[in-house]
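Student: Build me a model:
(chains A, B, C and D)
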Number of protein chains: 2
Amino acid sequence: MPSASHYPCEPSRQFRRHQHLARSDEPCEQIYRIDEGWACRYALLGSGRRQITALYLPGEYCEPHWLFERRSRAPVIALTNVRAALVPIDSDGSGVQVRETPKLIAAMVKLLNRQSEWIAALGRKTAVERVCAVLFDIFERLRLVGRTNGDICPMPLTQVDLADVVGLTPVHVNRVLKELRGRGILELQGKRMRLPDPVILNKFGEAKIAPG
Amino acid sequence: MPSASHYPCEPSRQFRRHQHLARSDEPCEQIYRIDEGWACRYALLGSGRRQITALYLPGEYCEPHWLFERRSRAPVIALTNVRAALVPIDSDGSGVQVRETPKLIAAMVKLLNRQSEWIAALGRKTAVERVCAVLFDIFERLRLVGRTNGDICPMPLTQVDLADVVGLTPVHVNRVLKELRGRGILELQGKRMRLPDPVILNKFGEAKIAPG
DNA sequence: CGGAAGCTTGATATAAGTCAAGATCCGTGG
DNA sequence: CCACGGATCTTGACTTATATCAAGCTTCCG
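Tutor: Numbers count the residues shown, from 1 in each chain, chains lettered A, B, ... in the order given. Model prediction:
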């Protein structure tokens, strides 16, 4: 695995769990590429409601659209300890990020598509479907960057975090997880999860029909 | 109606209500700019569930991210009769769309931000809050392009359409609208709506607290 | 080891969904 | 111009998925 050590000049930063990578309405000085750990963008609403609006896993660019914005629109926080490379933003277009621009745009498009999917999930899927959908999505994204081991992958999210992703109560997430465990679709131990049958899990999560 | 005649060379197309502007998994040959009427992107799930994942109003680019994609990911349909200009896509970068690229990217970023907001709404807002949020958003977007008249604006969405935007049942949307009408926050007649007090409506819809 | 954070479970409450019927609106063909 | 029929809206009665409240348990870090 030819990791970050190939780019010894590339600056990177560490964040501890619960530390902010960015707050709302701050100038966008650089974009992060997550090398280790998980982060998320979120929104806070009245009476303590929180919704996670994007999840950022290792290997992914965090907030690629900052390339085109002056200020952040939402806070970004570390869900685990995080190490992230810094992609500088030069608005004049002559900076180092030019090399990265196509990748950042591709990341933006992916984000857009993923968010569209998630709108459909939050609007129309049941609790079980939503939980299956995120878990499957997480597994696939980790697999893409070689972070899975057979049918096992890291799963450092707290049930509270998960609830804020799927728009449910932590208590209800707990019950859904219990049911999935009961059906043998899911195993959780420590900060890892095992998906003995991703195909079934995906079926549960997709809830899809033929394209329109 | 002296509209499109100003740009006799710019091709444009008409769609009738319920006609598809695009289907899922088709090649992206051009991007539309809506000149008249409303359209939406949507997703279909099992057992007849539909979720609208983006709303496109007059003056807005429809699916700007197609600039960077080979094939559409979701169907787009006309919610009213629509007239839309065609923005051609030349992947070699020498075509007419170069002039439009910055605007398309700006539209993409806006879409991304709007979708993030909407994820928070679907995940954590109540029915009343969601309905207020869309109605206010619609009003503001129309105001931006000069399509409002005082506190009145077009509102051609059916209650079923609205339900598919806010992720609720048509019956429940009906009840929410009734309540808002009762509180004097909203008037609906024909295909127009009146928002006597947008500030109050916005309060109802925001449900926000200080940024993190 | 002690204490906080996280997990689990039961009992109960509530927002929103479902089903069903009737009323109204509206476009179309006679 | 009218009348018809389908789409849309409205309302009531009842159901259900998920939330809320509360308590005990477990894990893990310092």
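
Student: only C-alpha atoms for contact and neighbour calcs from this point on.
Tutor: OK.

Student: What residues does chain A have near DNA strand C?
Tutor: Residues of chain A lying close to DNA strand C by Cα under 7 Å from any atom of the strand are A:157-160, A:170-172, A:174-175, A:177-178.

Student: Now with 6 Å, please.
Tutor: Contact residues (Cα under 6 Å from any atom of the strand) of chain A with DNA strand C: A:158-160, A:171, A:174-175, A:178.

Student: Of those residues, which is the nearest to DNA strand D?
Tutor: A:Val171 (5.0 Å; Cα to the nearest atom of the strand).

Student: Residue nearest the middle of chain A, spatially speaking?
Tutor: A:Leu55 (2.0 Å; Cα atoms, centre = their mean).

Student: who's in contact with that residue?
Tutor: A:Leu55 sits next to A:38-41 when contact means Cα atoms under 8 Å, 6 or more residues apart in numbering or on different chains.

Student: Could I get the pLDDT score of it?
Tutor: Among the per-residue scores, A:Leu55 shows a pLDDT of 98.

Student: Over to the one 10 residues further on?
Tutor: Reported pLDDT at A:His65 in the predicted model: 98.

Student: Which of the three states applies to it?
Tutor: The three-state assignment at A:His65 reads helix, by DSSP: H, G, I helix; E, B strand; the rest coil.

Student: how much space between it and A:Ala22?
Tutor: Per Cα to Cα, to the nearest Å, A:His65 is found 14 Å from A:Ala22.

Student: Which one of the two is surrounded by more residues?
Tutor: It is A:His65, of A:His65 and A:Ala22, that has more neighbours when counted by other Cα atoms under 10 Å in any protein chain shown, with 24 against 18.

Student: and chain A, what are its domains?
Tutor: Domains of chain A are assigned by automatic domain parsing as A:4-118, A:125-205.

Student: quick one: which of those domains has the weakest pLDDT on average?
Tutor: domain A:4-118 (a mean of 91).

Student: how about the CA coordinates for stretch A:32-41, as CSV?
Tutor: Output in CSV follows, covering the C-alpha atoms of stretch A:32-41 (Å, rounded to 0.1, in the frame of the first residue of the first chain):
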residue,chain,number,x,y,z
TYR,A,32,-9.1,17.8,3.8
ARG,A,33,-8.4,14.3,2.5
ILE,A,34,-9.1,11.9,5.2
ASP,A,35,-6.2,9.5,5.6
GLU,A,36,-7.2,7.8,8.9
GLY,A,37,-10.5,7.9,10.9
TRP,A,38,-14.0,9.0,10.2
ALA,A,39,-15.5,12.5,10.1
CYS,A,40,-18.9,14.0,9.3
ARG,A,41,-20.7,17.2,8.4
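
Student: and that stretch, does that touch chain B?
Tutor: No. If you take Cα under 8 Å from any Cα of the partner chain as the test, stretch A:32-41 misses chain B, and the best it gets is 9.2 Å.

Student: go on, stretch A:159-177?
Tutor: Yes. Using Cα under 8 Å from any Cα, stretch A:159-177 comes into contact with chain B via A:164, A:166-168.

Student: ok, back up a step: got a markdown table for the residues of chain A next to DNA strand C, with neighbour count and distance to A:Lys208 too?
Tutor: Compiled in a markdown table, those are given as follows (neighbours: other Cα atoms under 10 Å in any protein chain shown; distance: Cα to Cα, whole Å):
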| residue | neighbour count | distance to A:Lys208 |
| --- | --- | --- |
| A:Thr158 | 13 | 28 |
| A:Gln159 | 16 | 26 |
| A:Val160 | 14 | 27 |
| A:Val171 | 11 | 27 |
| A:Asn174 | 15 | 25 |
| A:Arg175 | 14 | 24 |
| A:Lys178 | 15 | 24 |
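
Student: Counting neighbours, which of the contacts of A:Leu55 comes out on top?
Tutor: A:Ala39 (27 neighbours).

Student: Over to that one: give its phi and psi.
Tutor: phi -140, psi 170 (degrees, to the nearest 10).

Student: which residues does it contact?
Tutor: Counting by Cα under 8 Å, 6+ apart, the residues that A:Ala39 touches are A:55-57, A:76-80, A:82.

Student: which of those residues count as buried?
Tutor: Among the contacts of A:Ala39, those buried by neighbour count (16 or more other Cα atoms under 10 Å in any protein chain shown) are A:55-57, A:76-80, A:82.

Student: Make a markdown table from those residues and add secondary structure to it.
Tutor: Output for the buried ones among the contacts of A:Ala39, formatted as a markdown table (three-state DSSP):
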| residue | secondary structure |
| --- | --- |
| A:Leu55 | strand |
| A:Tyr56 | strand |
| A:Leu57 | coil |
| A:Val76 | strand |
| A:Ile77 | strand |
| A:Ala78 | strand |
| A:Leu79 | coil |
| A:Thr80 | coil |
| A:Val82 | strand |
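
Student: would you turn these into CSV with distance to A:Gln189?
Tutor: Formatted as CSV, these follow (distance: Cα to Cα, whole Å):
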residue, distance to A:Gln189
A:Leu55, 21
A:Tyr56, 22
A:Leu57, 20
A:Val76, 27
A:Ile77, 24
A:Ala78, 21
A:Leu79, 18
A:Thr80, 17
A:Val82, 21
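
Student: Tell me the one of the contacts of A:Leu55 nearest A:Val145?
Tutor: A:Trp38 (13.5 Å; Cα to Cα).

Student: longest helix of chain A?
Tutor: helix A:101-124 (DSSP state H).
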